[in-house]
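Novice: got a predicted structure plus its sequence, pasted below:
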Amino acid sequence: KAGVTQTPRYLIKTRGQQVTLSCSPISGHRSVSWYQQTPGQGLQFLFEYFSETQRNKGNFPGRFSGRQFSNSRSEMNVSTLELGDSALYLCASSLEGNRNEKLFFGSGTQLSVL
Amino acid sequence: GESVGLHLPTLSVQEGDNSIINCAYSNSASDYFIWYKQESGKGPQFIIDIRSNMDKRQGQRVTVLLNKTVKHLSLQIAATQPGDSAVYFCAEPEGNTGKLIFGQGTTLQVKP
């Protein structure tokens, strides 16, 4: 069974641009979560989608948004990029998104904002 | 709310020795903890988990100990190998959601 797939692997953008990252969960997994990882802040939760609905949201500004499609694939978008948005963006999937389920992570998209 | 923190940012051990990575948590009601391993260029990978009704859980070369009295858990890796070099995170779910709160991570360096 294929793991969580994230594209692209690397991305370089300039301030003010917008970016869209893609995530394909493990087949059969209906919950997709996004995390931001930086050296200073560590791993921080962005949001979680289940059945095409955002179910949980972290403390990030409205510039960060996402969506989930009927096949459970998910995208996240960051608008008006800032230097501080440079980070590794990780997608994780699980069957139902319940608290005791294992989360399976992709390898991430490394975003650099210049 | 929940919060987890690791004690040491970096741990250096000799190949073949045992490694112990520590983590503290703040919420006495926390009842489920997970350890993740993140190798360079990869996402976090599940290692082992433990529920609060247990004090100890063993996996393959790894053991997690939970001390609810002092709100502390540790990950022990036996006979540490070069392939164990990675960043290790403890994590716990927030409330009844699947959202995970991660500690800052401990970098394990294995010297040959």
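Specialist: Here it is on my side, so go on. Because the structure is a prediction, the values reported are computed rather than measured.

Novice: for chain A, what lies in contact range of chain B?
Specialist: A:4, A:31, A:33, A:42-45, A:48, A:55-56, A:58, A:90, A:92, A:94, A:97-108 (C-beta under 8 Å from any C-beta of the partner chain). Every residue, glycine included, has its C-beta placed from N, CA and C.

Novice: the nearest residue to residue B:63 once chain neighbours are set aside: how many residues sit nearby?
Specialist: Distances taken as C-beta to C-beta, 6 or more residues apart in numbering or on different chains put residue B:76 closest to residue B:63, at 4.4 Å, once the chain neighbours are dropped. By other C-beta atoms under 10 Å in any protein chain shown, 17 other residues sit near residue B:76.

Novice: residue boundaries of the strands in chain B?
Specialist: According to DSSP state E, chain B carries its strands in the segments B:4-6, B:10-14, B:19-25, B:32-38, B:45-51, B:56-58, B:62-67, B:72-77, B:86-93, B:100-102, B:106-111.

Novice: residue A:35 and residue A:76 touch, don't they?
Specialist: No: Residue A:35 is beyond contact range of residue A:76, at 10.3 Å (criterion: C-beta atoms under 8 Å).

Novice: the residue nearest to residue B:63 pairs with what?
Specialist: Residue B:76 forms beta bridges with residue B:20, residue B:63, as assigned by DSSP bridges.

Novice: now do the contacts for it.
Specialist: Applying C-beta atoms under 8 Å, 6 or more residues apart in numbering or on different chains to residue B:76 gives the contacts B:18, B:19, B:20, B:21, B:62, B:63, B:64, B:65.

Novice: quickly list what the residue most central in space within chain A is bridged to.
Specialist: Among the residues of chain A, residue A:34 comes closest to the average C-alpha position under C-alpha atoms, centre = their mean, at 3.1 Å. Going by DSSP bridges, residue A:34 is paired in beta bridges with residue A:47, residue A:91.

Novice: only alpha carbons, please: show stretch A:70-90 as CSV.
Specialist: Once non-C-alpha atoms are left out, stretch A:70-90 reads as follows in CSV (Å, rounded to 0.1, in the frame of the first residue of the first chain):
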residue,chain,number,x,y,z
SER,A,70,-14.2,13.5,-2.5
ASN,A,71,-11.3,11.1,-3.0
SER,A,72,-9.8,12.3,0.3
ARG,A,73,-6.9,14.0,-1.4
SER,A,74,-6.2,17.4,0.1
GLU,A,75,-4.6,20.7,-0.8
MET,A,76,-3.4,23.5,1.4
ASN,A,77,-2.9,27.1,0.2
VAL,A,78,-0.9,29.9,1.6
SER,A,79,-1.6,33.4,0.2
THR,A,80,0.5,36.5,0.4
LEU,A,81,3.6,34.6,1.5
GLU,A,82,5.8,36.0,4.2
LEU,A,83,9.4,35.1,4.9
GLY,A,84,8.3,33.4,8.1
ASP,A,85,6.2,31.0,6.1
SER,A,86,9.4,29.2,5.1
ALA,A,87,9.0,25.7,6.6
LEU,A,88,8.5,22.0,6.0
TYR,A,89,4.8,21.4,5.5
LEU,A,90,3.8,17.9,6.5
